[in-house]
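Enquirer: only the shape, not the letters, is given here:
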């Protein structure tokens, strides 16, 4: 009883949410449906980024942005940010719809609200991502894998930074984490199965990613990376009660090479493996510190007793 009381006090808000979802007694078809919906939403959100190009003034701006000079480059950045922002908006709207009409839950279960704790976790995970990137590149260098540093020379370095942050967060980290860690985990009841399905579904769809893979074997090796950081993202999201922690993991992975432009960067099976393994290690450490999986087990036990 002392353990249960401690868990309730430490995680009161999520406990209430978990009970609400668990009492729905999701059946197998519903459990299968939700990961499929997550993938569908992701595809629709990604495709939505191409819609602004159909707008006449955006199309005209895009043509003007193909020229040289800072004005054209700035215009290209603006058009790109408009397009990728739509991906985040579509993901948010879709998740809100599913929360309200499928799960009968408030949108607040996504834990998207900015809090001081969420912001701290967000920037901390970006810092961790940079450390992991440095370790990975150091080991790759020692192993003889040659890389090329990011091009930060010339007058367009600012454009590279804007595009990296825009693509890394607005196109990928924010919408994908809102869907897979923000919505899918509570939609499945905040259980160990929910975490597993969130990680596996997200990881497996990366079999079609274009990350420098040269053959089928490398495509499977590549999966180690998204599976690894998805696990870490799920753990920190539950530990922090904020999806911004997961966004920090995901976005940090994408922009760490840009932030640490002075280090060589080479996409290779060794890099994918090291990144995945190191992110799993981060997840294990956070889980050990905050007893995330243990708390899920206690919640599942309580839900089972009350059903």
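Expert: Ah, there it is. Quick caveat, the model's predicted, so the values are computed rather than measured. Residues are numbered from 1 along each chain as shown.

Enquirer: going forward, measure contacts and count neighbours with C-alpha atoms only.
Expert: OK.

Enquirer: which residues does residue 119 contact?
Expert: Residues counted as contacts of residue 119 (CA atoms under 8 Å, 6 or more residues apart in numbering) are 244-245.

Enquirer: which strand or helix spans it?
Expert: Taking DSSP states H and E as the definition, residue 119 sits inside helix 116-142.

Enquirer: show me which positions of that helix end up buried.
Expert: Judged by neighbour count (16 or more other CA atoms under 10 Å), helix 116-142 contains these buried residues: 118-119, 121-130, 132-134, 136-137, 140.

Enquirer: now the helix or strand harbouring residue 45: average pLDDT?
Expert: Assigned by DSSP H and E, residue 45 belongs to helix 28-48. Per-region confidence: helix 28-48 scores 94 on mean pLDDT.

Enquirer: what packs against it?
Expert: helix 70-101, helix 174-177, helix 184-187, helix 192-204 (3 or more CA pairs under 8 Å, 6 or more residues apart in numbering; DSSP states H and E).

Enquirer: so which of those is nearest residue 162?
Expert: Of all these, it is helix 70-101 that lies closest to residue 162, at 7.0 Å by CA to CA.

Enquirer: please tell me how far residue 87 sits from residue 286.
Expert: From residue 87 across to residue 286, the span is 30 Å (CA to CA, to the nearest Å).

Enquirer: looking at these two, which has the bigger crowd around it?
Expert: Shown here are residue 87 and residue 286; by other CA atoms under 10 Å, residue 87 has more neighbours (26 against 18).

Enquirer: now that one: how far from residue 176?
Expert: To residue 176, residue 87 is 9 Å away according to CA to CA.

Enquirer: residue 91 now?
Expert: Counting by CA to CA, the gap from residue 91 to residue 176 is 8 Å.

Enquirer: repeat that for residue 304.
Expert: With CA to CA as the criterion, residue 304 and residue 176 are 31 Å apart.

Enquirer: so which of the helices and strands packed on helix 28-48 is nearest residue 247?
Expert: If you check each of these against residue 247 by CA to CA, helix 174-177 wins as the nearest, at 5.7 Å.

Enquirer: contacts only, for the residue nearest to residue 50 when sequence neighbours are not counted.
Expert: Leaving aside its chain neighbours, residue 50 sits nearest to residue 83 (6.5 Å; criterion: CA to CA, 6 or more residues apart in numbering). By CA under 8 Å, 6+ apart, the contact set of residue 83 is 48-53.

Enquirer: let's go with 7 Å and repeat that
Expert: 49-50, 52 (CA atoms under 7 Å, 6 or more residues apart in numbering).

Enquirer: do the same with residue 167
Expert: By CA under 7 Å, 6+ apart, the neighbours of residue 167 are residue 84.

Enquirer: any idea how far residue 176 is from it?
Expert: Distance, residue 167 to residue 176, using CA to CA: 12 Å.

Enquirer: repeat that for residue 234.
Expert: Residue 234 sits at a distance of 12 Å from residue 176 (criterion: CA to CA).

Enquirer: ranges for the helices of the stretch 151-300 of the chain?
Expert: Here the stretch 151-300 of the chain has its helices, by DSSP state H, counting those that start in this stretch, at 157-165, 174-177, 184-187, 192-204, 216-222, 224-240, 243-259, 269-290, 292-306.

Enquirer: for those helices, give me CSV that also has distance to residue 28 and mean pLDDT.
Expert: CSV is the format used below for those (distance: least, CA to CA, whole Å; pLDDT from 0 to 100):
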stretch, distance to residue 28, mean pLDDT
helix 157-165, 39, 85
helix 174-177, 24, 98
helix 184-187, 13, 96
helix 192-204, 12, 97
helix 216-222, 28, 94
helix 224-240, 22, 98
helix 243-259, 26, 93
helix 269-290, 28, 96
helix 292-306, 17, 86
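
Enquirer: so which of those gets nearest residue 37?
Expert: Of the helices of the stretch 151-300 of the chain, the one closest to residue 37 (CA to CA) turns out to be helix 184-187, at 9.1 Å.

Enquirer: what does the closest one rub up against?
Expert: 21, 34, 103, 109, 194-195, 198.

Enquirer: then stretch 140-148?
Expert: Stretch 140-148 is touched from outside by 264-266, 270-271, with contacts defined as CA under 7 Å, 6+ apart.

Enquirer: top of the residues you listed by neighbour count?
Expert: Highest neighbour count within the contacts of stretch 140-148, by other CA under 10 Å: residue 265, with 23 neighbours.

Enquirer: state the pLDDT value of that residue.
Expert: Note for residue 265: predicted pLDDT of 75.

Enquirer: how about residue 153?
Expert: At residue 153, the pLDDT value in this model is 50.

Enquirer: for residue 17, same thing?
Expert: So, for residue 17, pLDDT stands at 43.

Enquirer: related to what we said a few turns ago, residue 304 and residue 176: which has the busier surroundings?
Expert: Set side by side, residue 304 and residue 176 give different neighbour counts by other CA under 10 Å, the larger being at residue 176 (28 against 13).
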